[in-house]
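Chemist: next one to model:
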Amino acid sequence: MKIVGKRVRVRVVLKSLGLVFVAGLLLAGCATPNIPDYLKTAKEKRFDNVRGVRYCEIFLIGGNAITKNLYGEVFNTTELNNKANPLDTCPEALWAKVDAEALKKQYGGLAAFKNGPRGWAYDWYQLPASPDVVSFNGLDARWIMKVQLPKDVRPGEGSTAYKKIIAVRSSVMGFDKGKPVFILEDPSGLPWVMQAYSMQVDRNLTYADLQNLGSKLKLPPGWKYRVKVIDQDLTIRAVNGEAWIVQDDLENTYDACFETACSYMP
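Modeler: Purely as a prediction, here's the structure:
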């Protein structure tokens, strides 16, 4: 894949979606990962009984490094890699073998990086996923979405915690009645419902810890964290092919109940 631009040394630190990666010698300019157009070939797939399931993701980054119009092609391990223990789809031994720099060289683009391990906080989800499974250094994953990375992230500076990220996907996620949902409220009162928790900042974080997570977060002024046991099923849908996502400072990820996204406001 040809990349146009001047050769420069760049240290890139992106914390969007809970990710930190360092890209050494990059060719500033436009670059596209050398993969199929999964937006055209993906087929609808439902993943059930995922609450508390451990998973990991691979991001292949493309876009324009000069204008910082960047996107990630996202591959997810859910349902794969561990028939003996379906609750762990990202075994540590396999995850440790994934080499982000080798993947960048293999697929091109601007960078590759590892997102995980993480755990699902909802009960099921449905979205277009690639029909084929891709092996990344022995770890199997499916393509599940393409995300825009925040343009205001500058190389080597700052954090994207509590900043909106737009995911391009046609997804539905579900939370079963009688179970807890974990909610961030922004200063406007908009609820953001946790879809996944992260073991990247706090390696010891477990699903059980989410009940009292608010005491661990460094919430900005006006933000709140709360837990609610719902008395009816809750679904969250992408609106016109977009989902709004935010992360807290521990890199747990939440989806917004914006417009018609949520079946009701929890």
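Chemist: off-centre distance for stretch 213-226?
Modeler: 20 Å (CA atoms, centre = their mean, to the nearest Å).
Chemist: the helices in the chain, which residues?
Modeler: 38-41, 92-97, 100-107 (DSSP state H).
Chemist: could you list the buried residues of the second one?
Modeler: Neighbour counts using 16 or more other CB atoms under 10 Å place 94-95 of helix 92-97 among the buried residues. (Each C-beta comes from the backbone N, C-alpha and C, glycine too.)
Chemist: just checking, what packs against that helix?
Modeler: strand 111-120, strand 139-148 (3 or more CB pairs under 8 Å, 6 or more residues apart in numbering; DSSP states H and E).
Chemist: can you list contacts of it?
Modeler: 56, 81, 114, 116-117, 137-139 (CB atoms under 8 Å, 6 or more residues apart in numbering).
Chemist: is it possible to get CSV of those residues that adds neighbour count and distance to Ser171?
Modeler: CSV is the format used below for those (neighbours: other CB atoms under 10 Å; distance: CB to CB, whole Å):
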residue, neighbour count, distance to Ser171
Cys56, 25, 19
Asn81, 22, 22
Lys114, 21, 22
Gly116, 23, 19
Pro117, 20, 21
Asn137, 15, 27
Gly138, 11, 28
Leu139, 24, 23
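Chemist: one step back: mean pLDDT and distance to Thr77 added to the helices of the chain, as CSV?
Modeler: Output for these, formatted as CSV (pLDDT from 0 to 100; distance: least, CB to CB, whole Å):
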stretch, mean pLDDT, distance to Thr77
helix 38-41, 90, 16
helix 92-97, 96, 9
helix 100-107, 94, 14
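Chemist: Lys40: neighbouring residues, count only.
Modeler: Residues lying near Lys40 (other CB atoms under 10 Å) number 7.
Chemist: ignore the last one, Pro180
Modeler: Neighbours around Pro180, by other CB under 10 Å: 16.
Chemist: how close does it get to Leu210?
Modeler: 8 Å (CB to CB, to the nearest Å).
Chemist: hang on, the earlier thing: most tightly packed of the helices and strands packed on helix 92-97?
Modeler: strand 111-120 (a mean of 24; mean count of other CB atoms under 10 Å).
Chemist: may I have it as PDB, with CA atoms only?
Modeler: Only the C-alpha atoms of strand 111-120 are listed here, as PDB (Å, rounded to 0.1, in the frame of the first residue of the first chain):
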ATOM      1  CA  ALA A 111      -0.600   1.500  12.500                       C
ATOM      2  CA  ALA A 112      -2.000  -1.600  14.300                       C
ATOM      3  CA  PHE A 113      -2.700  -1.900  17.900                       C
ATOM      4  CA  LYS A 114      -4.200  -4.200  20.600                       C
ATOM      5  CA  ASN A 115      -7.300  -3.300  22.600                       C
ATOM      6  CA  GLY A 116      -7.800  -5.600  25.500                       C
ATOM      7  CA  PRO A 117      -8.400  -7.600  27.400                       C
ATOM      8  CA  ARG A 118     -12.000  -6.400  28.100                       C
ATOM      9  CA  GLY A 119     -15.300  -7.800  29.200                       C
ATOM     10  CA  TRP A 120     -18.800  -7.400  27.900                       C
END
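Chemist: which regions of the stretch 51-200 of the chain lie under the pLDDT threshold?
Modeler: Low-confidence segments of the stretch 51-200 of the chain (pLDDT under 70): 150-159.
Chemist: distance to Pro131 for the helices and strands packed on helix 92-97 - can I get that in JSON lines?
Modeler: Formatted as JSON lines, the helices and strands packed on helix 92-97 follow (distance: least, CB to CB, whole Å):
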{"stretch": "strand 111-120", "distance to Pro131": "22"}
{"stretch": "strand 139-148", "distance to Pro131": "8"}
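Chemist: no further queries at this time; thank you.
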